[in-house]
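Engineer: Predicted structure and sequence below. I'll ask about it afterward.
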Amino acid sequence: MRKLSALTFPPISLLSKLPRTSPLQRAWPSLNSTRGSPCSVISPAALVCAHAVLLWPFAGGDSGFGHGLAKHLDKLGFTVFAGVLDEKGSGAEELRRSCSKRLSVLQMDVTNPQQIKDAHSKVVEKVQDKGLWAVINNAGILGFPMDGELIPMADYKSCMAVNFFGAVEVTKTFLPLLRKSKGRLVNISSIGGVFPMQQLAAYSSSKAALTMFSSVMRQELSKWGVKVSVIQPGGFRTNIAGTSESWDQKEKVILDHLPPELQEDYGRDYILQQKNFLRGIGIFSTSDITPLIRDVEHAVSAKSPSAFYAPGKLTSLFLNIAFFFPTSFLDYFEKKQNIQKKGMPRALSTPK
Ligand SMILES: NC(=O)c1ccc[n+]([C@@H]2O[C@H](COP(=O)([O-])OP(=O)(O)OC[C@H]3O[C@@H](n4cnc5c(N)ncnc54)[C@H](OP(=O)(O)O)[C@@H]3O)[C@@H](O)[C@H]2O)c1
């Protein structure tokens, strides 16, 4: 067992004691052997051999899951490496200002292999024989939600590049360190990776890929003692939806490049209604990310983390519907919701 510096030691009293369960486990408590009893936390001895050093590819803004998690884990006593898209951005500055000296901000665009390699070298140099305890893949983009036929190919590709290939490449780069520490891999996916929601074909496909990647890795890495958790948040109000200015810009680009046949069939009015989805995120979701933070903390620090977490209002309910209800029910529900929100394409609403 190697000695761990006091700086990297999270105060045990602060570790989460709440049981976190998957939708399946919530539906049938008997599936979860630890349910009902306080969840075990890692003992100090285990933490000592497990090198409580955390790397965190997270994003640069000054809100969002990444920012909140970096601050929270720093407060708990972890040594946090916060990967940011822009190390000179205001979010990175804010972190340097408000967190302890343990926290390092690292430039890391997850679509840039060289930046991932450079970040890896810096982490190796800093942690040396203390090792790395956890990798949390949090970077993500939503794109502009539209009917799948209208979403430009470039948006499908960029969602996959950040949300899936970025997470895979970061995971592969840091896995040797995690295998050594028998640590944790925590991937922030989405309820959208399981529950089909209209207008999210690009985003949700990339999150479904991430969820399945994580599940396969969970099985393969168990022989190395590495535990893998997937976080499937519901709707939280963060920067991910963008601003009304960014929606207008994106909408203009899409309209300018849409083939005339699609413009004709869908109609301008229907296309302009698409951004109601983004308005809805602002209205119906909460900015309190505490449930997400608690779940990630549990995934990183509990002795027996869950394979799946579903933070957010009604998230478990929706996941259970996706798992257990007939597809026809799900499709009927989604159809009703969407017709109310944005009507029908011109070609379907014009009487023949
Ligand atoms: N908010 C929700 O309701 C919700 C629900 C389900 C899942 N999620 C997932 O949770 C994660 C965090 O999202 P959030 O809600 O906290 O939104 P957010 O504040 O927009 O965080 C996402 C961050 O990813 C960063 N990013 C984008 N492209 C990147 C790249 N190429 N390399 C590195 N970082 C990059 C962005 O950096 P910049 O700020 O510098 O642009 C952004 O800060 C995402 O994976 C998202 O898909 C969110």
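Structural biologist: Yep, that arrived.
Engineer: Against which helices or strands is the host helix or strand of Arg294 packed?
Structural biologist: In the assignment (DSSP states H and E), Arg294 maps to helix 290-301. Contact here means 3 or more Cβ pairs under 8 Å, 6 or more residues apart in numbering; DSSP states H and E; on that basis helix 290-301 packs against helix 64-76, strand 134-137, strand 184-188, strand 227-231, strand 308-309. (C-beta placed from N, C-alpha, C; glycine too.)
Engineer: Now the weakest link among those, please, by mean pLDDT.
Structural biologist: Mean pLDDT is lowest for helix 64-76 out of these, coming in at a mean of 90.
Engineer: Can you mark which positions in that one are buried?
Structural biologist: Within helix 64-76, the residues that qualify as buried are Gly64, Phe65, Gly66, His67, Gly68, Leu69, Ala70, Lys71, His72, Leu73, Asp74, Leu76, counting by 16 or more other Cβ atoms under 10 Å.
Engineer: so what's the residue nearest to Ala134 when sequence neighbours are not counted bridging to?
Structural biologist: Take Ala134 and drop its neighbours on the chain: the residue closest to it by Cβ to Cβ, 6 or more residues apart in numbering is Arg184, 4.0 Å away. Here Arg184 sits in beta bridges with Ala134, Lys227, going by DSSP bridges.
Engineer: which ones are touching Arg184?
Structural biologist: Shown here is Arg184, whose contacts under the criterion Cβ atoms under 8 Å, 6 or more residues apart in numbering are Trp133, Ala134, Val135, Leu178, Val226, Lys227, Val228, Ser229, Ala299, Val300, Pro305.
Engineer: The residues you listed: which ones sit near the ligand?
Structural biologist: With respect to the ligand, and counting by Cβ under 6 Å from any ligand atom, no part of the contacts of Arg184 is in contact.
Engineer: now those residues as JSON lines including distance to Gly143 and neighbour count?
Structural biologist: As requested, the contacts of Arg184 are arranged in JSON lines below (distance: Cβ to Cβ, whole Å; neighbours: other Cβ atoms under 10 Å):
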{"residue": "Trp133", "distance to Gly143": "32", "neighbour count": "27"}
{"residue": "Ala134", "distance to Gly143": "28", "neighbour count": "28"}
{"residue": "Val135", "distance to Gly143": "24", "neighbour count": "29"}
{"residue": "Leu178", "distance to Gly143": "30", "neighbour count": "25"}
{"residue": "Val226", "distance to Gly143": "31", "neighbour count": "21"}
{"residue": "Lys227", "distance to Gly143": "31", "neighbour count": "23"}
{"residue": "Val228", "distance to Gly143": "26", "neighbour count": "24"}
{"residue": "Ser229", "distance to Gly143": "25", "neighbour count": "26"}
{"residue": "Ala299", "distance to Gly143": "26", "neighbour count": "26"}
{"residue": "Val300", "distance to Gly143": "29", "neighbour count": "28"}
{"residue": "Pro305", "distance to Gly143": "30", "neighbour count": "22"}
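Engineer: my guess is Leu210 is in a helix, correct?
Structural biologist: Yes: inclusion of Leu210 in a helix is indicated when DSSP: H, G, I helix; E, B strand; the rest coil is applied.
Engineer: any idea how far it lies from Phe277?
Structural biologist: Leu210 sits at a distance of 21 Å from Phe277 (criterion: Cβ to Cβ, to the nearest Å).
Engineer: same check, this time on Asp265
Structural biologist: 20 Å.
Engineer: Those two - which one has more neighbours?
Structural biologist: Of the pair Asp265 and Phe277, Phe277 is the one with more neighbours under other Cβ atoms under 10 Å, namely 21 against 14.
Engineer: list the contacts for Pro113?
Structural biologist: When contacts are taken as Cβ under 8 Å, 6+ apart, Pro113 is in contact with Glu169.
Engineer: Look up how far the ligand lies from it.
Structural biologist: Remark: distance between Pro113 and the ligand (Cβ to the nearest ligand atom, to the nearest Å) = 12 Å.
Engineer: cool, and Ala201?
Structural biologist: For Ala201, the distance to the ligand under the criterion Cβ to the nearest ligand atom works out to 15 Å.
Engineer: pretty sure that residue contacts Leu150?
Structural biologist: No: in this structure Ala201 lies outside contact range of Leu150 using Cβ atoms under 8 Å: 9.6 Å.
Engineer: Quick check: residues of the stretch 151-300 of the chain near the ligand?
Structural biologist: Proximity of the stretch 151-300 of the chain to the ligand is confined to Val162, Gly166, Ile188, Ser190, Pro233, Gly235, Phe236, Thr238, Asn239, Ile240, Ser285 under the rule Cβ under 6 Å from any ligand atom.
Engineer: Show me where the stretch 251-352 of the chain has its helices.
Structural biologist: With DSSP state H, counting those that start in this stretch, the ranges of helices along the stretch 251-352 of the chain come out as 260-266, 268-272, 276-284, 290-301, 315-324, 327-342, 346-349.
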